[in-house]
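> how would this look folded up:
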Amino acid sequence: MKKTDWPIRWDLLLRYRLIETIALWEGRLTTNHICHSFGIGRQQASKDINTYLRELAPGNLVYDRHLKGYVPAPHYRPVVTRGNVSEYQDLLARQQNLSNTFEELDIGLPDSTVVFGLNRVIAPETMRAVVAATRHGRQLKASYASLSRPEAVEGILEPHTLVCTGNNWHLRAWSDSNREFRDFALSRFHTAPTALRQKAKHTSEQDEDWNRNVTMTISPDHRLTAAQQKIIALDYGMKNDRLDVDTRAALAPYVLSRLGITLDNHHPDPLIQQLELTNPDQLGFGSKRERALKAVAGHS
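Here you go, the predicted structure:
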């Protein structure tokens, strides 16, 4: 894509996304939100709001003189966001991260906190090499250790996608020694890999599980009472006590893990388990089932 092909400058797109996120989830947007977030003047912030309303989403917001700010119109429709609460969560998380680094920073969001889990340690040198190899379709020479094989083994990988699974990063890559596509946790590269000059011979188009889409049917844990199941169904916006989640087969174990669902068994306490996968046999893991479990746990 040429630079001129993108219709909105990146800095403006970020400001427009802030406009939609604050207006939708807080119900009141002022120029202060934009000024404090991006370090711009009130005149420019006002221009951003007017341009958003004129060129992107006419009538999406209306000015409320009583609240002294913009509020979502009754027919509001997100244009540069999806209207998901996770976008507001991401905004709060960024504020918290920045505030922890710059103590005097205040972008005018309400008192809030985001709970962060422990992140795996990844060396910058490792990430740089992985990004270079993935971006340019090159081979990667790496020394990799796992719980099943604690002693690091050197080999050639051909990565096609870098995946973030929340608190960890892994690389989807062809393993020359195993002769198949596998997941490699970046934290398990104990020495920085090397991006080679040789072009990769295996690409994402040849990765069967990457290109195979699956639909996982999620339901409240059947061991819960009917009243408890109804609460869980409402939590996730289920219809008829089920929620269909579409994903790549290669990513399905990670999606399930983030929902607290394991492929092999239930937690003894349904109040902790809460959700269950009702169609495990349709995921098509077959003999790869054990490896999929190990990949999520970071064993492979």
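> could you point out the longest strand in the protein?
When the chain is scanned for its longest strand (criterion: DSSP state E), the result is strand 153-164.
> Any buried residues in that one, and which?
Buried residues in strand 153-164, counting neighbours by 16 or more other CB atoms under 10 Å, are found at 156, 157, 158, 159, 160, 162. To be clear about C-beta, it is placed using only N, CA and C from the backbone, and glycine gets the same treatment.
> Stretch 272-285 too?
273, 274, 275, 276, 277, 280, 283, 285.
> Can I get it in PDB? Just the C-alpha atoms.
Output of stretch 272-285 as PDB, limited to C-alpha atoms (Å, rounded to 0.1, in the frame of the first residue of the first chain):
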ATOM      1  CA  ILE A 272     -14.100 -21.500  38.700                       C
ATOM      2  CA  GLN A 273     -14.500 -23.300  35.400                       C
ATOM      3  CA  GLN A 274     -17.700 -21.400  34.400                       C
ATOM      4  CA  LEU A 275     -17.400 -22.100  30.700                       C
ATOM      5  CA  GLU A 276     -17.000 -25.200  28.600                       C
ATOM      6  CA  LEU A 277     -16.300 -26.200  25.000                       C
ATOM      7  CA  THR A 278     -19.200 -28.300  23.700                       C
ATOM      8  CA  ASN A 279     -17.700 -29.300  20.400                       C
ATOM      9  CA  PRO A 280     -14.100 -30.400  21.000                       C
ATOM     10  CA  ASP A 281     -14.200 -33.200  18.400                       C
ATOM     11  CA  GLN A 282     -14.900 -30.700  15.600                       C
ATOM     12  CA  LEU A 283     -11.700 -28.800  16.100                       C
ATOM     13  CA  GLY A 284      -9.800 -31.400  14.200                       C
ATOM     14  CA  PHE A 285      -6.700 -31.500  16.200                       C
END
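> what sits up against it?
Contacts with stretch 272-285, where a contact means CB atoms under 8 Å, 6 or more residues apart in numbering, come from 212, 214-224, 232, 236, 242, 249, 252, 256, 259-261, 263, 266-267, 292.
> hmm, try it at 6 Å
214, 216-219, 221, 232, 252, 259, 261, 266-267, 292 (CB atoms under 6 Å, 6 or more residues apart in numbering).
> go on, stretch 196-210?
By CB under 6 Å, 6+ apart, stretch 196-210 touches 137, 138, 139, 141, 158, 160, 174, 181, 248, 249, 250.
> How many neighbouring residues does the residue lying closest to residue 11 once chain neighbours are set aside have?
Nearest residue to residue 11 in three dimensions, chain neighbours excluded: residue 38, at 7.6 Å (CB to CB, 6 or more residues apart in numbering). As a burial measure, residue 38 scores 15 neighbours (other CB atoms under 10 Å).
> got it, and residue 90?
Around residue 90 there are 14 residues (other CB under 10 Å).
> ok, now how distant is it from residue 49?
According to CB to CB, to the nearest Å, residue 90 stands 21 Å off from residue 49.
> Which residue ranges make up each domain of this protein?
Annotated domains of the chain cover 10-101, 124-207, 212-295 [the TED database].
> Please produce CSV containing those domains, extended by distance to residue 117 and mean pLDDT.
Below are the domains of the chain laid out as CSV (distance: least, CB to CB, whole Å; pLDDT from 0 to 100):
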stretch, distance to residue 117, mean pLDDT
domain 10-101, 12, 87
domain 124-207, 5, 91
domain 212-295, 11, 86
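> which parts of stretch 30-48 are buried?
Neighbour-count burial for stretch 30-48 flags 30, 31, 33, 34, 35, 36, 37, 40, 45, 48 (criterion: 16+ other CB under 10 Å).
> ok, now stretch 189-203?
Within stretch 189-203, the residues that qualify as buried are 189, 192, 193, 195, 196, 200, 202, counting by 16+ other CB under 10 Å.
> isn't the third one right up against residue 138?
This means residue 193. No. Using CB atoms under 6 Å, residue 193 makes no contact with residue 138, being 11.1 Å away.
> give me phi/psi at residue 193?
Phi and psi for residue 193, reported as degrees, to the nearest 10, are phi -70, psi 170.
> Excluding chain neighbours, what is closest to it?
Spatial nearest neighbour of residue 193, excluding adjacent residues (CB to CB, 6+ apart): residue 142 at 3.6 Å.
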